[in-house]
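Trainee: Quick one, fold the following:
(2 chains)
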Amino acid sequence: MSSEGATLIQQPEIDLNEVDALLKPYLGKKGMAIPVLQKLQERYGYLPRPALEYAAAQLKIPLSRLYGVATFYAQFKMQPRGRYIIRVCKGTACHIQGSPKVAERIEEILGIKVGETTPDLKFTLEEVACIGACALAPVMMINDEPHGRLTPDRIKEILDSYE
Amino acid sequence: MYEKHLMICGATGCLSSGSAKVHQALVEELAKHKLEKKCRLVMTGCPGFCEVGPIIVIYPDEVFYCRLKPQDIPELVEKHLLGGEIVERLLYKGPDVDAPARFYDTIPFYRKQKFNVLRNSGIIDPENIDEYIMRGGYRALSRALKMEPMEIIDEVKRSGLRGRGGAGFPTGLKWEFTYKAVGDKKYVVCNADEGDPGAFMDRSILEGDPHAVLEGMLIAARAIGSDEGYIYCRAEYPLAIKRLKTAIAQAEEYGFVGENILGYGFNFKFNIKEGAGAFVCGEETALLASIEGKRGMPRPRPPFPATSGLWGKPTVINNVETYANIPLILREGGLEEFVKIGTEGSKGTKVFALAGKIRNTGLCEVPMGITLREIIFDIGGGIKGGREFKAVQAGGPSGGCIPAEKLDLPVDYDSLTQAGAIMGSGGLVVMDDRTCMVDLARYFLSFTQKESCGKCIPCREGTKRMLEILERITEGLGKPDDLDRLQELASTIKDSALCGLGQTCPNPVLSTIRYFRHEYEEHINEKFCRSGVCKSLFDYFIDPELCNGCTRCARICPVGAISGERKETHVIDPEICTRCGSCVERCRQEAIKVTRVRREADVNH
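Mentor: A predicted model of the protein is given here:
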């Protein structure tokens, strides 16, 4: 599943009081591990280790189990990510309409591979199984904005439009 | 009192082609002409025809405007809304109609469709429960509340409804098992983890008609004796989740959800769980594990969820489209209507997502038993750019490819299975002569390989080995016995994997070997990919007969591999060319062709 390693490096400090407040609504109910992780990721863009440790203690489950859940699902990230998340759709319709070429072009322009973040923390490049906009294949999302009917020669202009 | 209703599609497809900006332009233009009180603007669910989005339908005139841009809006408002005149320029036009078409029944895309599940999608405001009720909503629930559980289950059984999520298990039977299972608590679960790449019908149903799914679940709950339900929806579908939440809140307010529903002493509450990006969670036991907050790993069945499901309690789990069918069957006289549609073994309709190299991409709902040819050519309008049809992929990573000679196959559960595909959730991805079937098999396997949860060895290791062989073949390193080895691995995985993901993941490989064996052999023996996909197995060359020296290709080439003077034949240097294909897209003459790689061995002869 997730190919990210266990090494957690250079993470900014976080305020555990804030984590505590985020966790409040979820405590004392069953099956809350995933919603808690989603909430933490929504706030930080990834899962900071101190927040995970704190959450495991509050949820009264071993950190190893929470970590196991977090690394099972593609949604959860263990490293800080860029301000703009580029998600290139890898669905069937996008694949046969040339999404591999789109991803290659982005890799060339940004100088990073899928799964990586530019050193200035501006862009993170990811792939997603299908965003369900098959009619406009190939598609990518940059944060919440979809871009459809892509061709490799349009990529530069689109990326340049993000400040 | 509103005089006109403007239904603008606010589903993901149209949003991607810019419907939010069109909506904004309409808001401004209506305000400018002080029409806000006369014209009601509604963001609806998906009317299906994503290809021509953004779409607006104006009622009561029933005019269908498409491919709209913000700059079209002033004219639309002035001519249509103020002047009462149809703007012909913005109607549907295409090679399949003689004149601009005004409405659904004159547009070929809609002509052979039968709207059951999508009956409200694009017609009502999905965030307004009154509109659902006006169209007969919650009537089936109020009828079901007066019935005994077994009476409800009997009607579902007699309808012949089979699960729309994949395997096609009879829904009524599933309910009966759960009803008869012993338990102090029972759950109703909706599988909205639509993970098949190329499938987006469940998303459209949730976005366009969320109450239909809620009503279906409520009826299921009444039948099996449950008071709590979960909807497990992909996190990639934020709009669907938002609309579900709105719908649940409204249904609570109206007394369809909560305590003592409609005074019948029936209680029910909904929970929404967002998936976190794991394909295997579409498998029912993995989905239940995920709701429980664990890693989404499947477990062996039996026990089936009907006897031991969520937190060990009897659980009925159905897919979105299955639930959306239930209100149609349970309403007064609905059963009789429902069984009239479809074939002996497959009743009702099926929603398909049309994508790939097809002219009319989008969503369509058809009666079971219609042929693939009718779906692809009559509704789908045939192949983009008039190219040649090669195959259609049905059922996603668990399904298979169906070739041209099987196009007259009726679409029902059993015929598709016989042809080596499956109904699956209903994604149909169409391919033309530029799709390489070996690469496609490799693509699907790399998908399932990545999504394999790793619990059982056949799936974890077997898919890896199969993928390695396929990668080798697409890189030109295939060996003569590779096909036998692939087939052997495939049948072992099918027989021994733990869950549906593993058992079905060899299907794309097996079906492409079955129908396109020659393409595999060409890759292995002749080191040639005729479709121009596998990069080390072909060269591009420019046909001098067709090239008119327009220089478009030379200007787009990112590596400067193309040379030639204006108005003279251009030439590609295969040593420099990276086979990115930009020039092929660019050439208006279709002069750039795929040819075998010239090898030194050939030159020496």
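Trainee: and the residue nearest the centre of chain B, what helix or strand is that in?
Mentor: Residue closest to the mean C-alpha point of chain B, counted by C-alpha atoms, centre = their mean, is B:Ala199 at 2.1 Å. Assigned by DSSP states H and E, B:Ala199 belongs to no helix or strand.
Trainee: Name whatever forms a beta bridge with the closest residue to it other than its chain neighbours.
Mentor: Take B:Ala199 and drop its neighbours on the chain: the residue closest to it by C-beta to C-beta, 6 or more residues apart in numbering or on different chains is B:Gly427, 3.4 Å away. (Glycine included, C-beta is placed from N, CA and C.) Per DSSP bridges, the residues bridged to B:Gly427 are B:Ala353.
Trainee: Name all residues that make contact with B:Gly427.
Mentor: A:92, A:134, B:196-200, B:352-353, B:355, B:393-396, B:399 (C-beta atoms under 8 Å, 6 or more residues apart in numbering or on different chains).
Trainee: need the contact list for the residue nearest to the centre of chain B.
Mentor: B:Ala199 touches A:130, A:132, B:353, B:396, B:424-427, counting by C-beta under 8 Å, 6+ apart.
Trainee: Any chance of these in JSON lines with pLDDT and distance to B:Ile493 as columns?
Mentor: JSON lines is the format used below for these (pLDDT from 0 to 100; distance: C-beta to C-beta, whole Å):
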{"residue": "A:Cys130", "pLDDT": "80", "distance to B:Ile493": "23"}
{"residue": "A:Gly132", "pLDDT": "75", "distance to B:Ile493": "28"}
{"residue": "B:Ala353", "pLDDT": "93", "distance to B:Ile493": "27"}
{"residue": "B:Gly396", "pLDDT": "88", "distance to B:Ile493": "17"}
{"residue": "B:Gly424", "pLDDT": "80", "distance to B:Ile493": "18"}
{"residue": "B:Ser425", "pLDDT": "77", "distance to B:Ile493": "21"}
{"residue": "B:Gly426", "pLDDT": "88", "distance to B:Ile493": "24"}
{"residue": "B:Gly427", "pLDDT": "89", "distance to B:Ile493": "22"}
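Trainee: among those residues, who's most crowded?
Mentor: Counting neighbours by other C-beta atoms under 10 Å in any protein chain shown, B:Gly396 comes out on top of those with 33 neighbours.
Trainee: List the single closest residue to it in space, sequence neighbours excluded.
Mentor: Using C-beta to C-beta, 6+ apart, the closest residue to B:Gly396 is B:Asp196 (3.2 Å).
Trainee: give me the element A:Thr71 is part of.
Mentor: helix A:63-72.
Trainee: quick one: buried residues of that helix?
Mentor: Residues A:66-67, A:69-72 are the ones in helix A:63-72 that count as buried (16 or more other C-beta atoms under 10 Å in any protein chain shown).
Trainee: Repeat that for stretch B:148-168.
Mentor: B:149, B:152-157, B:159-166, B:168.
Trainee: least trustworthy helix or strand in chain A by mean pLDDT?
Mentor: Sorted by mean pLDDT, DSSP states H and E, the helices and strands of chain A end with strand A:145-147, the least confident at a mean of 85.
Trainee: any idea how far the helix or strand following that one is from the chain center?
Mentor: Remark: after strand A:145-147, the chain's next helix or strand is helix A:155-160, criterion DSSP H and E. Put simply, helix A:155-160 sits 21 Å off its chain's centre (C-alpha atoms, centre = their mean, to the nearest Å).
Trainee: in stretch B:477-485, what counts as buried?
Mentor: Per 16+ other C-beta under 10 Å, stretch B:477-485 contains these buried residues: B:478, B:482-483.
Trainee: so what's the residue nearest to the centre of chain B scoring on pLDDT?
Mentor: What the model reports as pLDDT for B:Ala199 is 84.
Trainee: do the same with B:Asp125
Mentor: 94.
Trainee: That one and B:Thr44 touch, don't they?
Mentor: Yes - counting by C-beta atoms under 8 Å, B:Asp125 touches B:Thr44, with 6.5 Å between them.
Trainee: Among these two, which residue is more densely surrounded?
Mentor: B:Thr44 (28 against 19).
Trainee: ok now do the more buried one, which residues does it touch?
Mentor: B:7-11, B:121-126, B:208.
Trainee: Which ones among these lie within strands?
Mentor: B:7-9 (DSSP state E).
Trainee: pretty sure B:Arg598 is touching B:Pro574, no?
Mentor: Yes - contact criterion C-beta under 8 Å: B:Arg598 and B:Pro574 qualify, at 7.3 Å.
Trainee: what about residue 43, which SS state?
Mentor: Assuming you mean chain A. helix (DSSP: H, G, I helix; E, B strand; the rest coil).
Trainee: other chain: chain B
Mentor: strand.
Trainee: Quickly find the element holding the residue in chain A sticking out farthest from the centre.
Mentor: Taking C-alpha atoms, centre = their mean as the measure, the residue most remote from the mean C-alpha position of chain A is A:Gly28, 27.9 Å away. According to DSSP H and E, A:Gly28 maps onto no helix or strand at all.
Trainee: Please apply the same query to B:Leu214.
Mentor: Going by DSSP H and E, B:Leu214 is in helix B:210-224.
Trainee: go on, B:Ala251?
Mentor: Going by DSSP H and E, B:Ala251 is in helix B:238-253.
Trainee: same question, B:Ser142
Mentor: Using DSSP H and E, B:Ser142 falls within helix B:139-145.
Trainee: Could you list the buried residues of that helix?
Mentor: B:139-141, B:143-145.
Trainee: likewise stretch B:569-586?
Mentor: So for stretch B:569-586, counting by 16+ other C-beta under 10 Å, buried means B:570, B:572, B:577, B:579-584, B:586.
Trainee: can you tell me which of those are in strands?
Mentor: Short answer: the buried residues of stretch B:569-586 in strands (DSSP E) are B:Ile572.
Trainee: restrict the buried residues of stretch B:569-586 to contacts with chain A.
Mentor: Restricting those to those touching chain A (C-beta under 8 Å from any C-beta of the partner chain) yields B:580-582.
Trainee: Now render those as TSV, adding pLDDT.
Mentor: Output for those, formatted as TSV (pLDDT from 0 to 100):
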residue	pLDDT
B:Cys580	85
B:Gly581	87
B:Ser582	85
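Trainee: Distance to B:Glu215 for these - can I get that in JSON lines?
Mentor: Output for these, formatted as JSON lines (distance: C-beta to C-beta, whole Å):
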{"residue": "B:Cys580", "distance to B:Glu215": "50"}
{"residue": "B:Gly581", "distance to B:Glu215": "48"}
{"residue": "B:Ser582", "distance to B:Glu215": "50"}
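Trainee: Closest one to B:Gln503 out of the residues you listed, please.
Mentor: B:Gly581 (35.7 Å; C-beta to C-beta).
Trainee: I'd guessed that closest one sits against A:Pro100; true?
Mentor: No - counting by C-beta under 8 Å, B:Gly581 stays clear of A:Pro100, with 10.2 Å between them.
Trainee: Which ones among the buried residues of stretch B:148-168 map onto strands?
Mentor: Going by DSSP E, the strands hold none of the buried residues of stretch B:148-168.
Trainee: any chance you could map the strands in chain A?
Mentor: Going by DSSP E, chain A shows strands at A:84-89, A:123-128, A:140-142, A:145-147.
Trainee: Show me chain B divided up by domain.
Mentor: Domain assignment for chain B by automatic domain parsing gives B:4-106, B:129-340, B:349-432, B:437-525, B:538-604.
Trainee: Equivalent analysis for chain A, please.
Mentor: A:16-72, A:84-160.
Trainee: and among those domains, the most buried is which?
Mentor: Highest mean neighbour count among those (mean count of other C-beta atoms under 10 Å in any protein chain shown): domain A:84-160, with a mean of 20.
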